[in-house]
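sequence? don't have it. structure:
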């Protein structure tokens, strides 16, 4: 674990700043404050941008990530579906276990009275808000990619993508800040776990799974 963190200092430094900041913000206001902050100042432009960014935490992003990892090392591409599957199972289990209401459920009175303006597309309802699956998915995906890339300068960029996905879940009235914070922590945990598992087997370029599409062409 220590080796992983030291090898990706900037990524985990940014992640630590995010976790601490979010934790402090949660102690300052109630869990619905930040949802209301965005909902009461709704912007069509921001909604359009957020709707695009939030998809970076969905299945298609994993497909793109898998293709990218084929050029890094086959073993990483093979592991990525396991990362995604673990996100799905853990998210589904925890949502069922905690049964926390979505923002739209909690604020339905304000919505009916016009106090909250919802975006012009479907907003999830039900009792499955905690944790944020999109955020967990994004942090698992982009953390794992950051860990396996040899060029660590990509780390801050990958972190910002994951963070942006989490932020959009609040902006779009889909999740509370605590849902997003929990999702990010769990996503990073999943990414590190699978990285450490595969790291137990030393890289051997003579093995097919330690080759790449690039090396195949040569």
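Here it is on my side, so go on. In this text the structure is predicted, and so the values were computed from the model without any measurement.

which positions within the helix or strand harbouring residue 48 qualify as buried?
Taking DSSP states H and E as the criterion, the element that holds residue 48 is helix 44-53. By neighbour count with 16 or more other Cβ atoms under 10 Å, helix 44-53 contains the buried residues 47, 50, 53. C-beta coordinates here come from the backbone N, C-alpha and C atoms, glycine included.

any idea which helix or strand comes after it?
Past helix 44-53, heading to the C-terminal end, the next element that is a helix or strand (DSSP H and E) is helix 59-70.

what comes into contact with whichever helix or strand comes after that following helix?
Tracing the chain C-terminally past helix 59-70 and defining elements by DSSP H and E, one meets helix 74-98 next. Contacts of helix 74-98 from elsewhere in the structure, counted by Cβ atoms under 8 Å, 6 or more residues apart in numbering, are 59, 62, 65-67, 69-70, 128-131, 133, 136-137, 140-141, 144, 148, 183, 186-187, 190-191, 194, 197-198, 201, 208-212.

residue boundaries of the strands in the protein?
Across the chain, reading from the start of the chain, there are no strands by DSSP state E.

which residue packs closest to residue 77, ignoring adjacent ones?
Using Cβ to Cβ, 6 or more residues apart in numbering and skipping residues adjacent in sequence, the residue nearest residue 77 is residue 69, 4.1 Å away.

from residue 189, how far out is residue 43?
Distance check for residue 43 against residue 189: by Cβ to Cβ, to the nearest Å, it reads 34 Å.

of the two, which one has the most company?
Neighbour tally, residue 43 and residue 189, criterion other Cβ atoms under 10 Å: the higher count belongs to residue 189, 16 against 13.

residue 50 touches residue 171, doesn't it?
Yes - distance between residue 50 and residue 171: 4.6 Å, which falls inside the contact criterion (Cβ atoms under 8 Å).

show me where pLDDT drops low in the chain?
Counting by pLDDT under 70, the ranges of the chain that qualify are 109-117, 119-120, 216-218.

which stretches of it form helices?
Ranges of helices within the chain are 2-7, 9-28, 33-39, 44-53, 59-70, 74-98, 103-106, 108-112, 133-148, 155-171, 177-199, 213-217, based on DSSP state H.
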